[in-house]
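A.B. asks: Model the following, please.
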Amino acid sequence: MLARALVFLEAVLSLTVRHSYSLTLAGDLAQCLLLASLLVCVAGNAKTNDQRARLFWGLLALGCGLWLSAQILWTYFEVFLRREVPNPFLGDVILFLHLVPMMGALAMQPHREREEQIGGLGALDFALLVIWWLYLYLFVVIPWQYVWPDEIQYGRGFDLVYFMEHFVFLACAGAVWRRSAGPWKIIYGHLFGAGLLYALGSVAASIAIDFGNYYTGSFYDIPLVAAMAWFAGMGMLASKLTLRPEPVKALQERHDVWVSGLAMFTLLSLPAMAGWAVFAGQVPSQVRGFRLVLTLITMMLMGGLAWIKQHRLDKKLARANRELREDSLTDLLTGARNRRFLHTTVEGDVRQVLRSYSATAASQSKRNRDLIFYLIDTDSFKEVNDRHGHDIGDKLLVEIARRISSAIRHSDVLIRWGGDEFLVASRYTEREEGLSLPTRVLHALGDEAIELEDGVTVRCTCSIGWAVFPWFTRAPEAVSCDDVLRLADHALYEAKKAGRNQAVGMLPSRDEPAPSMGTTLGGKQDRFAEHLAAKLVTIAGPQKAFAAGQGI
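C.D. replies: Numbers count the residues shown, from 1 in each chain. A predicted model of the protein is given here:
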């Protein structure tokens, strides 16, 4: 209501009162009050939990604050000093730069729902844009203010860059408005309309200043104060709307390229500006030299910022690749590793074992050089799924994986082998100590019942089959790692057949392979194990008897 009253008063005074100090006082105070109310209305919307919406309103508030600062400086000259504002004017650079944060606000695009603003404007992008617009002002306008004073050239240069800045702002606002929906589309529509009215009024006033036709309170101020009131109304309307980000369509992501490429365009434009500085025609040599030095300094500064940005992007990309690789090697349900992890790492583990068994291995490497595979299968898991449902079954698997993890060493790797079956690859261990890990696992699962949600309590046991690589210590390459895994699977079968809730290990009954064994092993599981002269080592779980030394 106050904004409308001030606009109406400004319009009446502009059309009925001649140029005078009273008219100047009324015009300057009205614009200061409108801009102050605009700043309050916009900044009040920054109190939101959404980070991008907070940045959007914060950058708009920064732009409005700069606009208010320029107006206060203008008022200081006209009201307190009672002097005509000089042309060139020191506050012109503030007035020029206040649209840059508003462009940054549009680049935030808070209407779009996404986990991360890939094409958005970061702090370094914003710094690049601010530096470029400041550079453009210094390049086009400042030489005619300080290096080679020329009021006419100054006015033309300012009008050019000011019109260009308004055009870019309106183009960004129009693009965002067109691609938005819902309440945010209303806000962007008001922002575009107010920006268009402000552009027309401010450019017209700037041209009038050059021709000496402008004075505060003239009819040129009517569209300006109307635009200020419109901006303030937009801020008040936003406080009443529920502004939520909308889901982003896949095809719309391609439209974000202009946002991420905008800052890079500013850097690429500098060589063209340097060429203009060198080969421009009718300009004094002092202006040409100033522009060239300014361009070189700006290229160094913006190039440094671009390098920092690229360095951060490289680190971010490397981190994303690491996380993607981890996800590809991890079972999403239990958090254990998956089969792909074993296929990725087992060759390195095998080479390490073979090196430790080589004739040239150092004496201190004769310990903890075996690789033992333990296949762990949950007993009666299907009954849990059938009785309580798959959700409870999934929660049981998560708890089983947690308990197994608590029973193994940090150097051991827990792998979800499939369904309710797990594999533990125990590195840097001794075959003589092969019974210790299954003993701990059997007790970790069988000693205490597992309490799940909805009051479901499950007694859980497991069967374990294990085998060691290398199979023959004197001929470590005679039996492959895959064959050792087949032996562990056979041992698991024996543990199931013997009544479950126990661990069965397979160890060779001799140290060297039989002369007739050859390099290729095949046949059924029992004949395969028999061919390798395997023996079973059995340990019972809780409440079962212990037996050892059973042979095949």
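
A.B. asks: Mean confidence (pLDDT) on the helix ranked longest in the chain, please.
C.D. replies: Of all the elements of type helix in the chain, the one with the most residues (DSSP state H) is helix 285-328. Helix 285-328 carries an average pLDDT of 90.

A.B. asks: So, low pLDDT: which residues of the chain?
C.D. replies: For the chain, the stretches with pLDDT under 70 are 114-122, 247-263, 362-365, 514-534, 543-552.

A.B. asks: Where do the domain boundaries of it fall?
C.D. replies: With domains defined by automatic domain parsing, the chain comprises 2-246, 339-357+367-512+522-540.

A.B. asks: Looking at those domains, which is nearest to M264?
C.D. replies: Within the domains of the chain, the stretch nearest M264 is domain 2-246; the backing value is 8.1 Å (C-beta to C-beta). (Each C-beta comes from the backbone N, C-alpha and C, glycine too.)

A.B. asks: and the end-to-end length of the closest one?
C.D. replies: Using C-alpha to C-alpha, to the nearest Å, the end-to-end distance of domain 2-246 comes out at 34 Å.

A.B. asks: chain center to stretch 271-285, what's the gap?
C.D. replies: Centroid separation for stretch 271-285 versus its chain: 41 Å, with C-alpha atoms, centre = their mean, to the nearest Å.

A.B. asks: same deal with stretch 429-440?
C.D. replies: Its chain's C-alpha centre and that of stretch 429-440 lie 44 Å apart, by C-alpha atoms, centre = their mean.

A.B. asks: same check, this time on stretch 289-306
C.D. replies: If you compare the mean C-alpha spot of stretch 289-306 with that of the full chain, they lie 30 Å apart, counting by C-alpha atoms, centre = their mean.

A.B. asks: Can you list the buried residues in it?
C.D. replies: For stretch 289-306, the neighbour count (16 or more other C-beta atoms under 10 Å) marks 290-292, 294-295, 298-299, 302, 305-306 as buried.

A.B. asks: follow-up on the earlier one: same for the helix or strand following the longest helix of the chain, what does it pack against?
C.D. replies: Per DSSP states H and E, the first helix or strand lying C-terminal to helix 285-328 is helix 339-356. Taking 3 or more C-beta pairs under 8 Å, 6 or more residues apart in numbering; DSSP states H and E as contact, the helices and strands that helix 339-356 lies on are strand 370-378, strand 413-418, strand 421-429.

A.B. asks: swap the cut-off to 7 Å and go again
C.D. replies: For helix 339-356, the elements it packs on are strand 370-378, strand 413-418, judged by 3 or more C-beta pairs under 7 Å, 6 or more residues apart in numbering; DSSP states H and E.

A.B. asks: what does it rub up against?
C.D. replies: When contacts are defined by C-beta atoms under 7 Å, 6 or more residues apart in numbering, helix 339-356 is touched by residues 328-329, 361, 365, 369-371, 415, 417, 425, 427, 469-470, 476-477, 481.

A.B. asks: ok, 6 Å please
C.D. replies: Surrounding helix 339-356, the residues in contact under the criterion C-beta atoms under 6 Å, 6 or more residues apart in numbering are 329, 365, 369, 371, 415, 476, 481.

A.B. asks: got a winner among those residues for most neighbours?
C.D. replies: I415 (24 neighbours; other C-beta atoms under 10 Å).

A.B. asks: So what sits opposite that one in the bridge?
C.D. replies: With DSSP bridges applied, I415 shows beta-bridge pairing to R337, L423.

A.B. asks: With R337 as the reference, measure out to it.
C.D. replies: Noted for I415: a distance of 5 Å to R337, by C-beta to C-beta, to the nearest Å.

A.B. asks: circling back: JSON lines for the contacts of helix 339-356, including distance to V147?
C.D. replies: Supplementary listing: the contacts of helix 339-356 in JSON lines, determined by distance: C-beta to C-beta, whole Å:
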{"residue": "L329", "distance to V147": "62"}
{"residue": "S365", "distance to V147": "75"}
{"residue": "R369", "distance to V147": "78"}
{"residue": "L371", "distance to V147": "76"}
{"residue": "I415", "distance to V147": "72"}
{"residue": "P476", "distance to V147": "81"}
{"residue": "C481", "distance to V147": "77"}
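
A.B. asks: farthest-separated two in these?
C.D. replies: For these, with distances taken as C-beta to C-beta, the pair at the greatest spread is L329 and S365 (27.9 Å).

A.B. asks: Helices of the stretch 451-552 of the chain, start to end?
C.D. replies: Counting by DSSP state H, counting those that start in this stretch, the stretch 451-552 of the chain has these helices, from start to end: 481-497, 525-531.

A.B. asks: Oops, could you answer that again for the stretch 101-250 of the chain instead?
C.D. replies: Taking DSSP H, counting those that start in this stretch as the test, the helices found in the stretch 101-250 of the chain are 123-140, 151-179, 183-210, 221-240.

A.B. asks: deepest of the ones you listed, which one?
C.D. replies: Burial of the helices of the stretch 101-250 of the chain is given as mean neighbour count (mean count of other C-beta atoms under 10 Å); helix 221-240 ranks first at a mean of 21.

A.B. asks: so what does it touch, helix or strand wise?
C.D. replies: In terms of contacts (3 or more C-beta pairs under 6 Å, 6 or more residues apart in numbering; DSSP states H and E), helix 221-240 is packed against helix 2-16, helix 21-44, helix 183-210.

A.B. asks: Which residues does that helix contact?
C.D. replies: Contacts with helix 221-240, where a contact means C-beta under 6 Å, 6+ apart, come from 3, 7, 10-11, 14, 27, 34-35, 37-38, 41-42, 45, 187, 190-191, 194, 197-198, 200-201.

A.B. asks: can you check stretch 11-29 too?
C.D. replies: Surrounding stretch 11-29, the residues in contact under the criterion C-beta under 6 Å, 6+ apart are 75, 78-79, 215-219, 221-222.

A.B. asks: how about a cut-off of 7 Å?
C.D. replies: 10, 74-75, 78-79, 82, 215-219, 221-222.

A.B. asks: now those in a markdown table, with distance to L129?
C.D. replies: Formatted as a markdown table, the contacts of stretch 11-29 follow (distance: C-beta to C-beta, whole Å):
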| residue | distance to L129 |
| --- | --- |
| E10 | 33 |
| W74 | 25 |
| T75 | 29 |
| E78 | 32 |
| V79 | 34 |
| R82 | 38 |
| Y215 | 34 |
| T216 | 31 |
| G217 | 34 |
| S218 | 33 |
| F219 | 34 |
| D221 | 29 |
| I222 | 31 |
